[in-house]
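Undergrad: Please find the sequence and the predicted model below.
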Amino acid sequence: MKQLKLNSQRKTSGQVIVLLIIVLGVVGVAFWWLNSTKQEMAKEGTEFAKEAVQRIAVQHDSNFFNSRLSPQARMNFPVSAQQEFMNEIVKLGAPVRPVDVQGKIEFQSQFFEPHGSFHSRIYYPARYADMDLTISHPVGRWQIDEIAFIPQREQPAPAPAVAPAPAPAPSLAPTVGPESTAAPSPGG
């Protein structure tokens, strides 16, 4: 009877260990999956921000701008405001160098509700403009929550370079100045 009791205790403790290993494995896989999904979402968000700045500021794509606004941003940017916004960008012309977008994605909770803030400086022939962008990914796709385009004052045109006046040619005659006045000779 004693041996039967020991065997059942060993079986029970062995089953608990196996169950514990399985649970730890499932938790480990779930954590790995959540972490890799978080990294992928951060990468996608950064790519979306770069694409949004490129499509709006460089390509002047008003359809992209309109289709990617969040519901709240659509209320802040009715169609007339969207057109005015895009016209302000278009009138500056094409950027003269590639646009650099800086920012990062953060998560509201550890792994969920990603959002990001990005800033870019766009250089045009006569001046530059700053674009600030706030994005989020509530359900299904990335969207623009807030956007600001701030053109800087026009840079003054550089003053024309003034050529220096030519130096006077050296003369062979002695220079007569107030200190070098000659006194009349005594005999003459």
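TA: Good, I have the coordinates. A quick note: this is a predicted structure, and the numbers were derived from the prediction, not measured.

Undergrad: list the buried ones in stretch 120-132?
TA: Of all the residues in stretch 120-132, those buried under the rule 16 or more other CB atoms under 10 Å are 120, 122, 124, 128, 129, 131. All C-beta atoms are positioned from the backbone trio N, CA, C, and that covers glycine.

Undergrad: cool, stretch 136-143 as well?
TA: Here stretch 136-143 shows 136, 137, 142, 143 as buried, counting by 16+ other CB under 10 Å.

Undergrad: With stretch 100-117 instead?
TA: Buried residues in stretch 100-117 (16+ other CB under 10 Å): 101, 103, 105, 114, 115, 116, 117.

Undergrad: contacting residues for the fourth one?
TA: Which is residue 114. Listed by CB atoms under 8 Å, 6 or more residues apart in numbering, the contact partners of residue 114 are 38, 41, 42, 45, 105, 106, 107, 108, 136, 137.

Undergrad: For the residues you listed, work out which two are farthest apart.
TA: 38 and 136 (14.8 Å; CB to CB).

Undergrad: picking up where we left off before, among the buried residues of stretch 120-132, which one lies nearest to residue 67?
TA: So of the buried residues of stretch 120-132, ranked by how close each gets to residue 67 (CB to CB), first place is residue 131, at 18.1 Å.

Undergrad: what are the ranges of the strands in the protein?
TA: 100-107, 114-123, 128-136, 143-151 (DSSP state E).

Undergrad: Lowest mean pLDDT among the helices and strands of the chain, which one is it?
TA: Within the chain, no helix or strand scores below helix 2-53, which has a mean of 84 by mean pLDDT, DSSP states H and E.
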